[in-house]
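> coords below, sequence missing:
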């Protein structure tokens, strides 16, 4: 099977885009930061997916993380002071992040998250934007927004509820707890947990099934399911978006960033 590197020097080097036979691959490539997603990585995701959408040979796309320690450990916190503090910067970051995750969620062809290691925060939402999640048994999952004081956007909450249901989604958000792969499988955060050392074999077997099926049938089924998963028109989107931005404008968010940098427990005051 041939491997062709795409978009080299067009998008950030922290996002590796490859065509491996009939499968597109997007690899989050910053293992030193556990593949935390940077602003430039968010920008590159829709560009990569557009290239795969235009290629009729591509049957499915795999998203994964470089190395063995992380799928995606969340957003790159080193950029928070510059890109997620001032109101205008927060709004721009949210716009770019939302566009990237929507590009995954609405992508016409099947998408599979290959998860090994940390799948945390925004990384978990990236996986939830994919159609299928296959994880190694040593993976771990969490949404620690409550420990940082940041807002978690409405579409991300929708993805979580659509995957695990309301009661489990509330537990995940309120507790900010970390879950094992076995727990994630039980709560339906993932569909498959590979046996030890069998992640790639499990992934390959699933991809073979997808590639053997009629592409138009799969695309139609996926589009139909996404229609049913739309945010209902009666939901007050503006209200929720204002609340999310309010989190970023709060003293608690500043405290969360300081506590993370100082490696201590935050002291939140609800202000």
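Sure, I can see it. Predicted model, so just to flag it, every value in this text is computed and none were measured.
> When you work out contacts or count neighbours from here on, use the C-alpha atoms and nothing else.
OK.
> Do you have the helices of the stretch 101-250 of the chain handy? List them.
Assigned by DSSP state H, counting those that start in this stretch, the stretch 101-250 of the chain shows helices spanning 122-129, 145-148, 154-164, 166-175, 181-186, 199-212, 215-228, 237-248.
> What's the end-to-end length of stretch 171-181?
Distance across stretch 171-181, first residue to last, is 17 Å (CA to CA, to the nearest Å).
> That stretch: which residues count as buried?
Buried residues in stretch 171-181, counted by 16 or more other CA atoms under 10 Å: 172-173, 176, 178-181.
> Ok, stretch 137-150 next?
Of the residues in stretch 137-150, 137-150 count as buried by neighbour count, 16+ other CA under 10 Å.
> hey, where'd the strands end up in the chain?
With DSSP state E as the criterion, the chain has strands at 3-6, 15-20, 23-28, 60-65, 70-72, 111-115, 118-120, 132-135, 140-142, 179-180, 192-193.
> Tabulate those strands (a markdown table), appending distance to residue 155 and mean pLDDT.
Listed next are the strands of the chain as a markdown table, based on distance: least, CA to CA, whole Å; pLDDT from 0 to 100:
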| stretch | distance to residue 155 | mean pLDDT |
| --- | --- | --- |
| strand 3-6 | 29 | 95 |
| strand 15-20 | 23 | 98 |
| strand 23-28 | 22 | 98 |
| strand 60-65 | 19 | 98 |
| strand 70-72 | 18 | 98 |
| strand 111-115 | 18 | 98 |
| strand 118-120 | 16 | 98 |
| strand 132-135 | 18 | 98 |
| strand 140-142 | 17 | 98 |
| strand 179-180 | 22 | 98 |
| strand 192-193 | 24 | 98 |
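> winner for burial among the ones you listed?
Highest mean neighbour count among the strands of the chain (mean count of other CA atoms under 10 Å): strand 70-72, with a mean of 31.
> Could I get the buried residue list for stretch 219-233?
So for stretch 219-233, counting by 16+ other CA under 10 Å, buried means 222-223.
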